[in-house]
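Compute the structure for the input listed below.
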Amino acid sequence: MLDARVNLIRDDFEISNIKPIKKRVISGTALLREHSDFNLNKGKQESELIYGDIFSIYEEKEDWAWGQAEFDSYVGYLKKDSLDGNTPNPTHILSKLKSTIYHEPDMRSPILDSLSIGSKLNIISEKGKYVELDSGGWVYKSHLSDINYIAEDYVETAKKFIGTPYIWGGNSSAGIDCSGLVQTSLRLAGINIPRDTDQQYQHLKNSEIELSLNHLQKGDILFSDGHIGIMSDNKNFLHANAHHMATIIEPISDVVDRFSKGKGFEHVCRLKINN
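Model prediction:
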């Protein structure tokens, strides 16, 4: 059976007859919902796109667009006002955890929106310490890197999120969940993986090693039933979690003690880190 999270499945029309329209996210974040009640604005949050992500639209109805994220193929509904049909090649990427879009190139001017790490931007002009976005607004120049920027040490990227609130389906500095933290950190390292924990294990299982909590090292990715995180060193676990409702580092022994009431860790995958 096809996975509806990443495959375009509809009973009410034939997908193959539709040519998708590609649009770019131009809001700081855009919540991707499983479904939408077009009148009541309902629908469970499944994931989150950030500024610059591309979304292929197959249906538009009222305030919503149904389609698929280009990056990880996740399917769902986005608010139409978060999208723009202009899809230029980005010139820069946000390499700080977060930044601000100002109305003018002045920190005292009105704030238009907030950006999260990994946002891909098209810069059209520069004034002093600020650069102008093609979609409008100004961003502090030193928060950006060239579009080819790669943060190879994904553990250090994940550490930037420490203290970020836990939000189911979150994928940004405003709020993030366990699989979103791992996906985002690896994405900045140039490693593309799927969105959800079970998908991520299937994608990474060729790098699986024997599970031994006494022989872990920095960068090891641990999986339990429905949870994922990264070892920050050989004794401490970095994860976004609902127990603390935040992204934290804590001793792996503490996590194992909490898991003793249910399933513990089941898999560990070891990727190469270029420090």
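
right, and residue 55 touches residue 72 too?
No: counting by C-beta atoms under 8 Å, residue 55 does not reach residue 72; the two are 11.4 Å apart. Quick note: C-beta positions are derived from backbone N, CA and C, even for glycine.

From residue 164, how far off is residue 89?
Distance check for residue 89 against residue 164: by C-beta to C-beta, to the nearest Å, it reads 29 Å.

Who has more neighbours out of the two?
residue 164 (22 against 7; other C-beta atoms under 10 Å).

gap between the more buried one and residue 135?
25 Å.

Also residue 150?
For residue 150 relative to residue 135 (C-beta to C-beta), the value is 25 Å.

Have a look at those two and say which one is more surrounded.
Higher neighbour count among residue 150 and residue 135: residue 135, with 20 against 13, using other C-beta under 10 Å.

Could you give the number of residues near the nearest residue to that one once chain neighbours are set aside?
Excluding its sequence neighbours, the residue lying closest to residue 135 (C-beta to C-beta, 6 or more residues apart in numbering) is residue 26, at 4.5 Å. By the criterion of other C-beta under 10 Å, residue 26 has 21 neighbours.

and residue 26, what does it touch?
51, 82-84, 135 (C-beta atoms under 8 Å, 6 or more residues apart in numbering).

Looking only at neighbour counts, state which of residue 55 and residue 72 leads.
Taking neighbours as other C-beta under 10 Å, residue 55 and residue 72 compare with residue 55 leading, 26 against 20.

what pairs with the more buried one across the strands?
According to DSSP bridges, the partner residues bridging residue 55 are residue 23, residue 69.

What about residue 106, how many residues nearby?
Residue 106: 13 neighbours (other C-beta under 10 Å).

Over to it: give its phi and psi.
Phi and psi for residue 106, reported as degrees, to the nearest 10, are phi -160, psi 130.

Which pLDDT value goes with it?
Listed pLDDT for residue 106 reads 98.

Ok, residue 41 next?
65.
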